[in-house]
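In: Structure, please.
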Amino acid sequence: MENGQSLKILGIIPARGGSKGIPRKNILSIAGKPLIAYTIEAAYKSKYIDKLVLSSEDEEILAVAEKYGIQTIKRPISLAKDRSRIEGVILHALAYLKKTENYLPDVIIKLYPTSPLRRTADIDGAMKVFLKSKADSLISVQAVGSEYLKTFLLNKKGYLTGAVNNKFPFTDRQKLPPVFWSNGAIWIFNRQFFVKNKKFFSTKTIPYIMPASLGVDLDTSEDLQELETILAKRKS
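Out: Alright, predicted model coming up:
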């Protein structure tokens, strides 16, 4: 994993044990491999990431991950609950690496295992865009229909109001601006910005646009069937 530059770039794969929709999904076998293996393998081939770690509170997940050669960090159970914030997980990993290895990255890339269709080319493509920018962070997105801008909300008095503004609901679809949906596959951010603000998004966040076909996020049994089919075809 060579980034060809002086910057230290840390890849973090968060993989907690609890999941309501699909139990134990992070180590669920899909097309012959545990789910986390797809993200580990894609990240290891990156030419930018110089250190890759997986964070989990679950002993079985940690053991499976170590079989794929990745460094693991055991996080406290308090950082692995349904309402635990991912910001705390990242801060814990940074503190652990600083204390044990005196390692302090310049840039962090967060890769959820639930996006196994994300490829090394996507990771490196996003990182290249980010490093050329002056942004605080980058989020991978996919284009969605602009008709979402035409939707309404109900205000406190029960009256309709435009979800974005009161102009878009009556604007021709062709004249609406493009709309994007975060696909959850790639998050990149400067460490200094993140540690100072404890968040990933700012007014200086840029997109990395990916095809919708690569943005399947494992959350339901339908997603599982779709991923099984796609990943099986990739192997054949």
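In: quick one: low-confidence ranges for this structure?
Out: Residue ranges of the chain with pLDDT under 70: 1-5, 236.
In: can we see that at 90?
Out: For the chain, the stretches with pLDDT under 90 are 1-6, 18-24, 82-83, 213, 215-226, 228-230, 232-236.
In: hmm, what's the outermost residue in it?
Out: residue 157 (37.7 Å; CA atoms, centre = their mean).
In: Correct me if wrong, but it is in a helix.
Out: No. Applying DSSP: H, G, I helix; E, B strand; the rest coil, one finds residue 157 to be coil, outside a helix.
In: can you point me to the longest strand in the chain?
Out: Longest strand in the chain by number of residues (criterion: DSSP state E): strand 179-190.
In: which element follows that strand toward the C-terminus?
Out: helix 191-197 (DSSP states H and E).
In: any idea whether residue 142 is helix, strand or coil?
Out: Here residue 142 is strand, with the state taken from three-state DSSP.
In: and it, bridged to which residues?
Out: Beta-bridge pairing of residue 142 under DSSP bridges involves residue 181.
In: In contact with it, which residues?
Out: Going by CB atoms under 8 Å, 6 or more residues apart in numbering, residue 142 touches 180-181, 183, 209-212, 214-215. Placement of C-beta: from N, CA and C, glycine included.
In: Selecting buried members of these in ChimeraX, what would you type?
Out: Filtering those down to the buried ones (16 or more other CB atoms under 10 Å) takes a single ChimeraX command:
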select :183,210,214,215
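In: which one among the contacts of residue 142 gets closest to residue 132?
Out: residue 209 (15.2 Å; CB to CB).
In: The closest residue to the closest one other than its chain neighbours and residue 89: what is the separation?
Out: Computed as CB to CB, 6 or more residues apart in numbering, the closest residue to residue 209 that is not its neighbour in sequence is residue 141, at 5.8 Å. Distance of residue 141 to residue 89, given as CB to CB, to the nearest Å: 22 Å.
In: buried residues in stretch 30-43?
Out: Of the residues in stretch 30-43, 30-31, 33-40, 42-43 count as buried by neighbour count, 16+ other CB under 10 Å.
In: Just the ones of the residues you listed in helices?
Out: Those of the buried residues of stretch 30-43 mapping onto helices are 35-40, 42-43, per DSSP state H.
In: Which of the helices or strands spans residue 63?
Out: Applying DSSP H and E as the criterion places residue 63 in helix 59-67.
In: mind listing what residue 78 touches?
Out: Contact partners of residue 78, counting by CB under 8 Å, 6+ apart, are residue 84.
In: Is it located within a helix, as I assumed?
Out: Yes. If the criterion is three-state DSSP, then residue 78 is within a helix.
In: can you tell me how far it sits from residue 88?
Out: From residue 78 to residue 88 the distance is 8 Å (CB to CB).
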